[in-house]
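In: Give me a 3D structure for the following:
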Amino acid sequence: MELRRIGVIGLGNMGFGMAASLKRAGFEVLGFDISPARRAMIEAEGIIFIEDQLALLRQVDAAVFSLPYAKDVEAVVTAEGGLLSRKDASVLVIDTSTSDPGTTRRLAAALAAAGHGLLDAPVSGGPSGAASGSLTMMIGGTEADVARAEKVLAAMSAKATHVGPSGAGNIAKLVNNLLVAAHLVTTGEALRLSAAAGLAPEAALKVVNAATGRSAISEVMVPRWVLPASFDSGFSAGLMRKDVRLAIELAEESGVALPLSQHVKQLWQEAGWLADQDDFTRMADYRDRKEMA
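Out: From the prediction side, this is the model:
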């Protein structure tokens with residue numbers, strides 16, 4: 001069945017951009033968010049705001065989730081009177097949230113038993129990527145569901161890579177964000193060293209980005225959000241702490257020791273100067289600030 005009517009649950013910084021990209025691509029888009037204040041913004045984009053998420057799930061061919069935590073995804077999937085009791089059509093869930101692979105696999109099995117599909121499709125690219133339809137997506141799920149979702153994924157992303165079966169997308173995202181968390185710490189410390197030793201961080205950054213120390217942090221995040229001290233990437237420190245915690249929990253479940261990553265987790269947890277609601281790029285701030293608690 002062709003996917004034409006798409007529901008988006010969670011219309012925050014990411015979900016709103018994805019909903020708008022789907023609308024521009026010609027899909028009929030329905031949206032739900034727990035905050036009714038989002039309604040005017042959504043409707044201005046030609047997206048139908050649905051006040052009841054269960055009502056939305058009863059109407060759509062596919063549902064895109066953009067939610068903070070695995071527990072939120074599970075609550076939507078398993079809600080009484082929702083997807084698991086829908087029998088008139090096979091609905092494809094595309095979960096762009098960063099979740100733990102175990103929860104993803106469990107929900108995929110429950111949905112499959114009810115005749116539905118689930119792709120774990122966490123994203124990279126931030127609110128600007130969501131708004132422009134240029135996200136990078138890492139996909140876990142069946143080949144058949146990936147093929148079925150091809151046009152929907154193309155509307156939201158510049159690159160969507162099917163990395164394996166259910167849960168694989170979230171494994172890839174946790175690996176990626178564990179590196180991001182570490183790179184933010186090391187890049188910030190390197191620039192603090194440069195400043196303390198008498199070389200302007202901007203000058204050091206030019207060398208780093210032309211040499212082997214470069215990363216997406218030094219090439220993109222620091223110039224865009226750290227040097228100007230805007231810190232408005234749209235991704236919170238609290239969400240990064242959650243992702244690092246999930247990555248370390250996955251390592252423990254997998255029986256692998258990650259001593260440096262364990263320390264990165266500790267640094268993020270103990271950064272008392274960095275509130276959960278702060279932008280996560282503040283972790284790379286090299287300027288004088290209160291030390292970690």
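In: Go through the strand of greatest length in the chain and flag the buried ones.
Out: Criterion DSSP state E: the longest strand present in the chain is strand 157-164. Along strand 157-164, these residues count as buried under the neighbour rule (16 or more other CB atoms under 10 Å): S157, A160, H162, V163. In short, each C-beta sits where N, CA and C put it, glycine included.
In: Distance to N170 and pLDDT added to these, as JSON lines?
Out: Formatted as JSON lines, those follow (distance: CB to CB, whole Å; pLDDT from 0 to 100):
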{"residue": "S157", "distance to N170": "16", "pLDDT": "97"}
{"residue": "A160", "distance to N170": "15", "pLDDT": "97"}
{"residue": "H162", "distance to N170": "13", "pLDDT": "98"}
{"residue": "V163", "distance to N170": "10", "pLDDT": "98"}
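In: continuing past the helix or strand harbouring A195, what's the next helix or strand?
Out: With secondary structure defined by DSSP states H and E, A195 is part of helix 168-197. Scanning forward in sequence from helix 168-197 by DSSP H and E, the next helix or strand is helix 201-208.
In: That following helix - contacts with which helices or strands?
Out: helix 168-197 (3 or more CB pairs under 8 Å, 6 or more residues apart in numbering; DSSP states H and E).
In: how far does the helix it packs on sit from the chain's center?
Out: Helix 168-197 sits 16 Å away from the centroid of its parent chain (CA atoms, centre = their mean, to the nearest Å).
In: relative orientation of that helix and helix 201-208 in degrees?
Out: Here the directions of helix 168-197 and helix 201-208 differ by 120 degrees (axes from the mean of the first three to the mean of the last three CA atoms, to 10 degrees).
In: Quick check: of the buried residues of strand 157-164, which lies closest to A55?
Out: S157 (27.7 Å; CB to CB).
In: can you tell me how far A109 sits from D33?
Out: A109 is 28 Å from D33, where distance means CB to CB, to the nearest Å.
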